[in-house]
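Asks: Predicted model and sequence below, questions to follow.
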Amino acid sequence: MRQMIVSAGLAILASSMAFGQNTEPRPSFEVASVKVAEAPKPDAQGRMFIMRGCRGGPGTNEPGQLTCTNTPLRQLVITAYGLKNYQVEGPAWLDTDGYDIAAKVPAGTTKEQYNLMLQSLLAERFKVAVHRETKSMQVYALSIGKGGPKLKEVDAATLEAAKVAAAAAPAPGRGGQLPLPPPPPGGTTAITFSTTMGTGSGGMAMGGGSGMPSMAKGLTPRMSMRMSGNGSMQRSLYGYLTITQLVTSLANALDRPVTDLTELTATYDIDLTWVPDGNDTSMPMMGQVRAMAAGMVGGGGGDAGRPADPASEPGGFNLPQALQASLGLKLEQRKAPAEVLIVDHADKIPTEN
């Protein structure tokens, strides 16, 4: 076990070496427009829908164009330096303020050159200044829980149908968009949010109703969040997933690395719901969810969107408890060193185009 923990720590250090500073001049986009995103407005049904994320660039179906919609600066920094969310630290507004970007990418640009162009854009338009530090941080290990796994393996016919559906669907962040979660029927105020993990794209609906959004399972992990009128929250992860996909989704939800110790290799029908606690820190768009909830759900109260105490929720489990109860898996905390990027300075208002 000690060897596994040390290996995990070394893996984090190795992956973090990708954002070393380069003293040579960085390449730049041919043309770039950068502006503060407009505040979202409700539709005719009173729902609020936010689309965030970037599409285009090398390796996509739009290699000559970068288009970002209402994208937080943190996500731009993560992409530019090839990092994970937990490797970037800076002021809180990096997660909440959104920006619209349209840039022309020169023909033949590689992924490495593209990242350097984005670094140049951040330095020129936002005056971003960064430095690196090595810190000891909390990580996680996923293993088989007490009593063995409770996972349901996806049968061959269902798996094949899901593959056909995935091949026909547009990819979020690559010219397509996630469907808007339908506002659930009922009489209580709620917010529902859905995202495809790892794409940077998502949709959020606000309106009357209760319950979680109902969306078809597929081969891509889906994350949903429901915030009720009393400020309590539930998150759900669902899909036909491998353990590798499950681990990646958990790492995104926890904003920390997760090591797979299960040795499970099949594709499983995952349906996991939990109540966020203090360790559940990386909910996409959480800053905007809270700000909007203060006006729509909590009547302007300051507690709207605050993670609830799982013990106060009827039948509510935090993430480790839900993994054990629903899937028979054990999630344990570890400590490991990791190199992080500190954003020392960034302007909220970018330089004019």
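Replies: Received the coordinates, thanks. Numbering: from 1, shown residues only.
Asks: Does residue 142 touch residue 264 like I think?
Replies: No: using CB atoms under 8 Å, residue 142 is not in contact with residue 264; the gap is 9.7 Å. C-beta: built from backbone N, CA, C; applies to glycine.
Asks: the more surrounded of these two?
Replies: residue 142 (23 against 18; other CB atoms under 10 Å).
Asks: For that one, what is the enclosing helix or strand?
Replies: Assigned by DSSP states H and E, residue 142 belongs to strand 129-144.
Asks: Who are the packing partners of that strand?
Replies: Helices and strands touching strand 129-144, by 3 or more CB pairs under 8 Å, 6 or more residues apart in numbering; DSSP states H and E, are helix 2-16, helix 243-254, strand 258-260, strand 329-345.
Asks: redo that, cut-off 7 Å
Replies: When contacts are defined as 3 or more CB pairs under 7 Å, 6 or more residues apart in numbering; DSSP states H and E, strand 129-144 packs onto helix 243-254, strand 258-260, strand 329-345.
Asks: which residues are contacting the last one?
Replies: Residues lying outside strand 329-345 but in contact with it, judged by CB atoms under 7 Å, 6 or more residues apart in numbering, are 5, 8-9, 12-13, 16, 19, 77, 81, 83, 87-90, 94, 127-145, 149, 262, 319-320, 323-324.
Asks: For it, buried residues please.
Replies: By neighbour count on 16 or more other CB atoms under 10 Å, the buried set for strand 329-345 is 329, 330, 331, 334, 336, 338, 339, 340, 341, 343.
Asks: Residue ranges of each domain in the protein, please.
Replies: Domain assignment for the chain, taken from automatic domain parsing, gives 2-137+338-345, 140-337.
Asks: and the shortest one, average pLDDT?
Replies: pLDDT averaged over domain 2-137+338-345 equals 83, rounded to a whole number.
Asks: if we can go back for a sec, redo the buried residues of strand 329-345 as JSON lines? Include distance to residue 220.
Replies: Shown next, in JSON lines, are the buried residues of strand 329-345 (distance: CB to CB, whole Å):
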{"residue": "329", "distance to residue 220": "20"}
{"residue": "330", "distance to residue 220": "25"}
{"residue": "331", "distance to residue 220": "22"}
{"residue": "334", "distance to residue 220": "28"}
{"residue": "336", "distance to residue 220": "28"}
{"residue": "338", "distance to residue 220": "27"}
{"residue": "339", "distance to residue 220": "30"}
{"residue": "340", "distance to residue 220": "28"}
{"residue": "341", "distance to residue 220": "28"}
{"residue": "343", "distance to residue 220": "30"}
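Asks: Can you tell me which of the residues you listed is nearest residue 42?
Replies: residue 343 (32.5 Å; CB to CB).
Asks: Return the distance of the residue lying closest to residue 319 once chain neighbours are set aside relative to residue 110.
Replies: Once flanking residues are discounted, residue 319 sits nearest to residue 274: 4.7 Å by CB to CB, 6 or more residues apart in numbering. Using CB to CB, to the nearest Å, residue 274 is found at 40 Å from residue 110.
Asks: State the mean pLDDT of the helix or strand hosting residue 236.
Replies: Using DSSP H and E, residue 236 falls within strand 233-242. For strand 233-242, the mean pLDDT works out to 90.
Asks: shouldn't residue 255 be in contact with residue 85?
Replies: Yes: if you go by CB atoms under 7 Å, residue 255 and residue 85 touch, sitting 5.3 Å apart.
Asks: how about the closest residue to residue 152 other than its chain neighbours, secondary structure?
Replies: Nearest residue to residue 152, sequence neighbours excluded (CB to CB, 6+ apart): residue 269, at 4.5 Å. Residue 269 carries the three-state label strand when classified by DSSP: H, G, I helix; E, B strand; the rest coil.
Asks: Report how many residues lie close to residue 269.
Replies: Neighbourhood size, residue 269 [other CB under 10 Å]: 15.
Asks: wait, what's in contact with it?
Replies: By CB under 7 Å, 6+ apart, the residues touching residue 269 are 152, 154, 240.
Asks: List of residues touching the strand holding residue 142?
Replies: 8, 86, 247, 250, 254, 256-262, 329-345.
Asks: Apply 6 Å and report the result again.
Replies: Strand 129-144 has contacts (CB atoms under 6 Å, 6 or more residues apart in numbering) with 247, 256-262, 329-345.
Asks: quick revisit: settle it for me: which of residue 274 and residue 110 has more neighbours?
Replies: Taking neighbours as other CB under 10 Å, residue 274 and residue 110 compare with residue 274 leading, 24 against 11.
Asks: List the contacts of the more buried one.
Replies: 235, 317, 318, 319, 322 are the contacts of residue 274 under CB under 6 Å, 6+ apart.
Asks: Low-confidence ranges, the stretch 151-300 of the chain, go.
Replies: Scanning the stretch 151-300 of the chain for pLDDT under 70 picks out the ranges 170-215, 227-231, 278-300.
Asks: One more pass at 50, please.
Replies: 172-192, 194, 196-214, 282-285, 295-300 (pLDDT under 50).
Asks: So which residues of it form strands?
Replies: Along the stretch 151-300 of the chain, the segments classed as strands by DSSP state E, counting those that start in this stretch run 189-196, 202-208, 222-228, 233-242, 258-260, 267-274.
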